[in-house]
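Novice: Next comes the sequence, and after it the predicted model I'd like to discuss.
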Amino acid sequence: MEHDISQCKALLLNADFRPLSYYPLSTISWKDAIKAVFLDRVNIVEHYNRHVSSARMQFQLPSVIALKEYIPYVNKKPAFSRFNVFLRDEFTCQYTGLRLPSSELTFDHVIPRSRGGRTTWENIVTASQSANIKKADLLPRECDMYPIKPPREPTAWELHEIGKKFPPEYLHETWEDYLYWDSELDQ
């Protein structure tokens, strides 16, 4: 199947042939992939059936590339962001247990800011908009709304593992052998 060239992203793998991240899936544009190849930072693992040409050469577009040097990710502290809070909580409202699209989620201060609560990993949970409105600026005991899981700072490895549960919308067939290869096989 012929793709628009702008859709020909390259799956970026670490030197151990695992994606740098699963959610969002580590991909880069075809232009950045070719640049990385010419800068000798990556090895090409798989190709698309597409070519681009310059004045002097023709180049087959890479679909899977692997870094030449391993980048450790386990010990990095994850960024404290709305997306990472949603990912930590698996896109699930911590008050209702409903898994929702990110457009229907917000975050809630377990101890409201008006009561001295801070905006930290340990005080923020994913909430549906309706649950957030219902809880308002009350303490959990005042409204009988307690988070399913107590909020805490996740490790980068935990977010990486959680991300495997959320497959991307688009997967090129050349990527399949490099995704989820460490999960258990069905018998």
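Specialist: Happy to help now that I have it.
Novice: Please make it C-alpha for all contacts and neighbour counts, starting now.
Specialist: Noted.
Novice: got the contact list for Asn132?
Specialist: Shown in contact with Asn132 (C-alpha atoms under 8 Å, 6 or more residues apart in numbering): Thr106, Phe107, Asp108.
Novice: Could you do Val52 as well?
Specialist: Gln58, Phe59, Gln60, Leu61.
Novice: Apply 6 Å and report the result again.
Specialist: Gln58, Phe59 (C-alpha atoms under 6 Å, 6 or more residues apart in numbering).
Novice: how near is it to Trp30?
Specialist: With distances taken as C-alpha to C-alpha, to the nearest Å, Val52 is found 10 Å from Trp30.
Novice: And the contacts of stretch 20-36?
Specialist: Under C-alpha under 6 Å, 6+ apart, the answer for stretch 20-36 is Cys8, Lys9, Ala10, Leu11, Leu12, Leu13, Asn14, Val42, His160, Gly163, Lys164.
Novice: before we move on, what about stretch 164-178?
Specialist: So stretch 164-178 is contacted by Tyr22 (C-alpha under 6 Å, 6+ apart).
Novice: Give the buried residues for it.
Specialist: Lys164, Thr174, Trp175 (16 or more other C-alpha atoms under 10 Å).
Novice: for stretch 64-72, same thing?
Specialist: Val64, Ile65, Ala66, Leu67.
Novice: Narrow the residues you listed to those in strands?
Specialist: Val64, Ile65, Ala66, Leu67 (DSSP state E).
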